[in-house]
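*Asks:* Attaching a predicted model along with its sequence, questions to come.
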Amino acid sequence: MLGGTFDPVHLGHLRSAVELHEALALDRVHMIPAAMPPLRGEPWVPPETRLALLEAGIGDTPGLVADPRELRRDGPSYSADTLAALRRDYGREARLVMALGHDAFLRLADWRSPQRLFELAHLVVIDRPDHEAPLSAALAELIQGREVDSVESLMQRPAGGLLRLRLPTRMAISATAVRRRLASGASVRYLLPEAVEARIRRDGLYRQR
């Protein structure tokens, strides 16, 4: 599971998903747009539009799936609820993984039911080699005894582990910066998949509010 607002989906999101698929030898990566992210502001465009852009960006990429399940639930998009739904789909013995970026990881103790996340899945933190920050006491307690140092160790159980993973390609693309460029009319070529850029231009998305 790789969640986010995807507002809009960009090449950094998609390249990370491809590299997660390869590095962890996953059957598939569910890319799941959040309808109402609890700890972030309201996205710029409606959920169904972000899903359509994600589908356009993924295209026929093997192993990547645009998953609309959070858009079909009422209320805020809590990751624990999404993982519970995936666990029901795949069964008790399936090895489930939730991937998140380092910045989101540092706020993990503030999420709803963070302990339940580990009951349902492994967590993989996409490390940033240029970013070091001390863990809060609450976060350190939450992950105590869970961290492993290899994919092989992580995958020995269906859930409960934590792995820090440094992906081969870390594309420094920010959705915030992409939105600013779109709003100002600046070029976003090679920041977005061509199909996503074409859809945004066609529908006049991400203009100034």
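*Replies:* Everything's here; your move.

*Asks:* Any regions of the protein where pLDDT drops low?
*Replies:* Under the criterion pLDDT under 70, the flagged ranges of the chain are 37-41, 129-132, 209.

*Asks:* what about the helices in it?
*Replies:* Along the chain, the stretches classed as helices by DSSP state H are 11-23, 47-58, 79-90, 102-106, 114-120, 137-143, 151-154, 175-184, 194-203.

*Asks:* How far off centre is the second one?
*Replies:* To tie it back to what came earlier, the one meant is helix 47-58. 14 Å (C-alpha atoms, centre = their mean, to the nearest Å).

*Asks:* returning to what we had before: now mean neighbour count and distance to residue 29 too, for the helices of the chain, in TSV please.
*Replies:* Where you see a C-beta, it was placed from the backbone N, CA and C, and this is true even at glycine. Output for the helices of the chain, formatted as TSV (neighbours: other C-beta atoms under 10 Å; distance: least, C-beta to C-beta, whole Å):
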stretch	mean neighbour count	distance to residue 29
helix 11-23	19	5
helix 47-58	21	10
helix 79-90	18	12
helix 102-106	16	16
helix 114-120	17	17
helix 137-143	14	23
helix 151-154	14	15
helix 175-184	16	18
helix 194-203	16	17
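
*Asks:* mind putting those helices in JSON lines, distance to residue 127 included?
*Replies:* As requested, those are arranged in JSON lines below (distance: least, C-beta to C-beta, whole Å):
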{"stretch": "helix 11-23", "distance to residue 127": "12"}
{"stretch": "helix 47-58", "distance to residue 127": "24"}
{"stretch": "helix 79-90", "distance to residue 127": "19"}
{"stretch": "helix 102-106", "distance to residue 127": "6"}
{"stretch": "helix 114-120", "distance to residue 127": "18"}
{"stretch": "helix 137-143", "distance to residue 127": "14"}
{"stretch": "helix 151-154", "distance to residue 127": "14"}
{"stretch": "helix 175-184", "distance to residue 127": "20"}
{"stretch": "helix 194-203", "distance to residue 127": "26"}
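
*Asks:* Nearest to residue 128 among the ones you listed would be which one?
*Replies:* Each of the helices of the chain has some distance to residue 128 by C-beta to C-beta; the shortest is helix 102-106, at 4.8 Å.

*Asks:* what residues does that closest one touch?
*Replies:* Contacts to helix 102-106, defined as C-beta atoms under 8 Å, 6 or more residues apart in numbering, come from residues 123, 125-128, 131, 133, 135-136, 139.
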